[in-house]
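Asks: fold the following and give me the result.
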Amino acid sequence: MKVFIKWGKTKLEVDVDTSEPPAVFKAQIFALTGVLPEKQKIMVKGGTLKDDADWSTLGLKDGSMLMMVGSAEPAAPAVEAAPEAPVRFVEDMADADVASLATSLGPAGLTNLGNTCYMAATVQVLHALPELREVLRRFPPPGHAVGTEPAGKLTAALRDLSLQLAQAHSPVAPWAFLQVLHAAYPQFAQRQNGMLMQQDADECWSQLFHAMSTKLPQIEEAADAEMTPVDAAAPAEPAQRAQRQGTSALAQLFQGDFVVSTAERETEKQRDGRTQLAGTEQPSKPESEPAAAAPPAADVAVSHDVFTKLSCHIGGQTNYLLDGLKASLDETLEKQGPDGQQRLYSKRSRLSRLPYYLAVQFVRFFWKADKKLKAKIVRPVEFPLELDVWELCDEPLQRQLEPARRRLAEIADQQAQQAKQSKQQQQQPQQPAKPLPADARVTLDARKLRNDTGKYELTAVLTHKGRDADSGHYVAWVKHADNLWMKFDDETVTSVTNDEIIKLSGKGGGDWHMAYMLFYKAKEVGECAALVS
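Replies: Residues are numbered from 1 along each chain as shown. Got it, this is the predicted structure:
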């Protein structure tokens with residue numbers, strides 16, 4: 001429902017979601033006018049609009065005109081004062097001081113609006129990806145409008161929230177984004193006893209991903225981008241390049257390819273029959289008669305598929321991330337055979353093209369019929385800070401990765417040699433590069449959005465704390481610099497080290513933060529080479 005707000009000489013058009021309390025409506029007006037919600041006097045039937053008023057009693061209709069009184073907050077005057085302490089540069093600070101500074105100056109957290117930690121953690125992970133942040137900043141592209149459909153509105157709302165986070169150093173209240181999310185996907189607006197219900201962060205990720213995939217255009221090749229030797233040697237055929245680019249920025253960043261082999265499994269009865277036949281004495285045949293041909297190998301059907309996320313299945317023997325990934329890529333299926341009978345088939349998937357960002361979900365939740373809830377598998381599964389997916393790739397892809405992997409090995413040797421020389425000369429090793437600010441611009445080039453090494457570096461973790469999917473708490477952990485991570489616990493942002501990230505494997509039990517989704521970024525030869533140049 002649309003209403004009009006008359007504020008002095010200004011007339012505003014505002015969408016009203018009557019399923020949300022008036023406090024959300026006031027937050028929208030604050031975003032448009034700068035008038036704080038507690039200072040807004042909005043005239044409605046029976047007096048002024050209260051934060052907990054019942055919309056159904058106010059008699060509002062589409063196109064209603066409301067009067068508002070209130071003054072916008074004045075901008076704080078710029079006051080220059082002498083520094084109370086001598087200026088210290090980041091390069092001269094100890095690691096602990098750098099971590100403290102990163103926490104105090106941002107980035108900003110997101111206020112929990114009532115069981116919205118799943119949304120806050122998901123948004124913080126999305127905001128942590130610089131390429132996606134830059135694509136959102138440019139939305140909509142020139143000559144295009146946001147549109148009125150839910151996907152366009154949601155993408156625009158995420159863009160606005162991302163811009164707020166990039167500029168803020170104190171918690172941001174995502175009222176407007178939450179309202180658009182509820183309008184686009186009503187399942188996230190479910191309530192119980194008047195309170196918003198807890199939701200699944202993976203489902204929120206999937207829905208936001210789908211919405212953005214339909215709206216964000218693909219990233220083009222940068223004409224002035226510098227090419228590394230590995231870039232120059234990469235395939236440049238139009239067909240391969242078009243396949244790599246995909247149809248949207250999300251596909252370019254997250255989409256990979258599978259080659260899938262499916263073959264019928266030999267049943268125990270078939271195996272016994274073959275063994276018995278092999279042991280049966282056959283009558284001799286004349287030497288001139290050719291021997292019978294060996295039975296043909298089982299037919300293997302080969303197909304191709306795409307993925308934007310890998311699943312880590314957790315069984316009784318799953319201890320490491322690669323174990324769970326292999327289990328999800330090697331499956332046994334039961335389906336109808338050519339003769340109409342149910343048969344068992346082996347399905348083997350291998351990666352034939354790698355994404356730039358690799359998203360992994362731990363399959364921790366399952367439906368427990370006796371308790372009628374989504375229970376949680378709390379078995380610990382260790383994951384590395386650097387992931388090598390060589391074993392999961394098909395042979396053609398492995399051959400393509402070999403040159404860049406050799407180059408990475410050479411760079412690692414050079415780094416080790418430099419460290420040895422620095423130690424001998426009693427010099428400090430080169431300081432790691434400081435992180436870019438959240439609002440820094442990123443150069444986008446489609447040719448860079450690939451993985452030539454098969455190796456990934458962990459860049460973000462989304463955790464769940466609790467025993468079932470309908471309760472508990474979600475937190476985002478984002479890499480900020482070497483051995484420095486930011487923990488986004490709703491509005492509270494603190495810094496942690498690699499040791500704290502490793503503990504998220506689940507060894508603390510279901511009542512501690514446990515990795516639910518992992519986000520890896522391709523390890524690039526060019527970046528590694530820059531460290532030793």
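Asks: distance between the longest helix anywhere in the chain and the chain's centre?
Replies: Longest helix of the chain, by residue count under DSSP state H: helix 395-424. Computed by Cα atoms, centre = their mean, to the nearest Å, the chain-centroid distance of helix 395-424 equals 28 Å.
Asks: for that helix, packing partners?
Replies: Helix 395-424 makes packing contacts with helix 229-233, strand 342-353, helix 525-532 when contacts are defined by 3 or more Cβ pairs under 8 Å, 6 or more residues apart in numbering; DSSP states H and E. C-beta here means a position set from N, CA and C on the backbone, and glycine is covered the same way.
Asks: by mean pLDDT, show me the worst of these.
Replies: Of all the helices and strands packed on helix 395-424, the minimum mean pLDDT falls on helix 229-233 (a mean of 41).
Asks: hmm, back to that, now the angle from the longest helix of the chain to strand 342-353?
Replies: Here the directions of helix 395-424 and strand 342-353 differ by 50 degrees (axes from the mean of the first three to the mean of the last three Cα atoms, to 10 degrees).
Asks: average pLDDT for stretch 48-63, rounded please.
Replies: For stretch 48-63, the per-residue pLDDT averages 85.
Asks: for stretch 490-509, same thing?
Replies: In the prediction, stretch 490-509 has an average pLDDT of 93.
Asks: could you check how far that stretch is from the centre of its chain?
Replies: Offset of stretch 490-509 from its chain centre (Cα atoms, centre = their mean): 17 Å.
Asks: check which residues of it are buried.
Replies: D490, V493, S495, V496, I501, L504, S505, G506 (16 or more other Cβ atoms under 10 Å).
Asks: can you check stretch 49-62 too?
Replies: Buried, per 16+ other Cβ under 10 Å, within stretch 49-62: L49, A53, W55, L58, L60.
Asks: mind listing what's buried along stretch 345-354?
Replies: Y345, S346, K347, S349, R350, L351, S352, R353, L354.
Asks: so the last one touches F258, yeah?
Replies: No: applying Cβ atoms under 8 Å, one finds L354 not in contact with F258, separated by 11.1 Å.
Asks: which residue packs closest to V16, ignoring adjacent ones?
Replies: M1 (4.8 Å; Cβ to Cβ, 6 or more residues apart in numbering).
Asks: ok, Q40 next?
Replies: The spatial neighbour of Q40 that comes closest, neighbours along the chain excluded (Cβ to Cβ, 6+ apart), is G70 at 4.7 Å.
Asks: repeat that for E331.
Replies: Per Cβ to Cβ, 6+ apart, closest to E331 is K347, 4.5 Å.
Asks: mind checking how far that neighbour is from P396?
Replies: Distance, K347 to P396, by Cβ to Cβ, to the nearest Å: 19 Å.
Asks: Throw the buried residues of stretch 49-62 into a markdown table and include distance to H144 and secondary structure, thanks.
Replies: As requested, these are exported to a markdown table (distance: Cβ to Cβ, whole Å; DSSP: H, G, I helix; E, B strand; the rest coil):
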| residue | distance to H144 | secondary structure |
| --- | --- | --- |
| L49 | 36 | coil |
| A53 | 38 | coil |
| W55 | 34 | helix |
| L58 | 37 | coil |
| L60 | 33 | coil |
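Asks: next, count neighbours for V475.
Replies: Using other Cβ atoms under 10 Å, V475 has 22 neighbouring residues.
Asks: which residues does the helix or strand harbouring it contact?
Replies: Per DSSP states H and E, V475 falls inside strand 473-481. Applying Cβ atoms under 8 Å, 6 or more residues apart in numbering, the contact partners of strand 473-481 are 98, 102, 117-118, 120-122, 124-125, 128, 201, 432-435, 457-466, 485-489, 495-496, 500-501, 504, 513, 516.
Asks: following element in sequence after it, please.
Replies: Later in the chain than strand 473-481, the nearest helix or strand by DSSP H and E is strand 484-489.
Asks: after that following strand, which helix or strand is next? Please name it.
Replies: strand 492-496.
Asks: partners of that next one, with directions?
Replies: strand 484-489 (antiparallel) (DSSP bridges).
Asks: could you give the angle of the strand it pairs with to strand 473-481?
Replies: Using the same axes, to 10 degrees, strand 484-489 lies at 160 degrees relative to strand 473-481.
Asks: from the chain's centre, how far out does strand 484-489 sit?
Replies: Centroid separation for strand 484-489 versus its chain: 15 Å, with Cα atoms, centre = their mean.
Asks: next, count neighbours for the residue nearest to Q40.
Replies: 19.
Asks: one more: W367?
Replies: The number of residues packed near W367 is 10, by other Cβ under 10 Å.
Asks: all the strands of the stretch 51-200 of the chain, in order from the start?
Replies: 65-69, 191-192, 195-196 (DSSP state E, counting those that start in this stretch).
Asks: ah, wrong one, I meant the stretch 251-400 of the chain
Replies: Going by DSSP E, counting those that start in this stretch, the stretch 251-400 of the chain shows strands at 256-264, 300-307, 310-312, 330-336, 342-353, 357-362, 365-368, 373-376, 386-388.
Asks: where does pLDDT dip in the stretch 101-250 of the chain?
Replies: Along the stretch 101-250 of the chain, segments meeting pLDDT under 70 span 101-106, 222-246.
Asks: for the stretch 251-400 of the chain, which spans come out with low pLDDT?
Replies: In the stretch 251-400 of the chain, residues with pLDDT under 70: 266-298.
Asks: with distance to I29 added, can I get the strands of the stretch 251-400 of the chain in TSV?
Replies: Formatted as TSV, the strands of the stretch 251-400 of the chain follow (distance: least, Cβ to Cβ, whole Å):
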stretch	distance to I29
strand 256-264	44
strand 300-307	43
strand 310-312	43
strand 330-336	53
strand 342-353	48
strand 357-362	37
strand 365-368	39
strand 373-376	38
strand 386-388	46
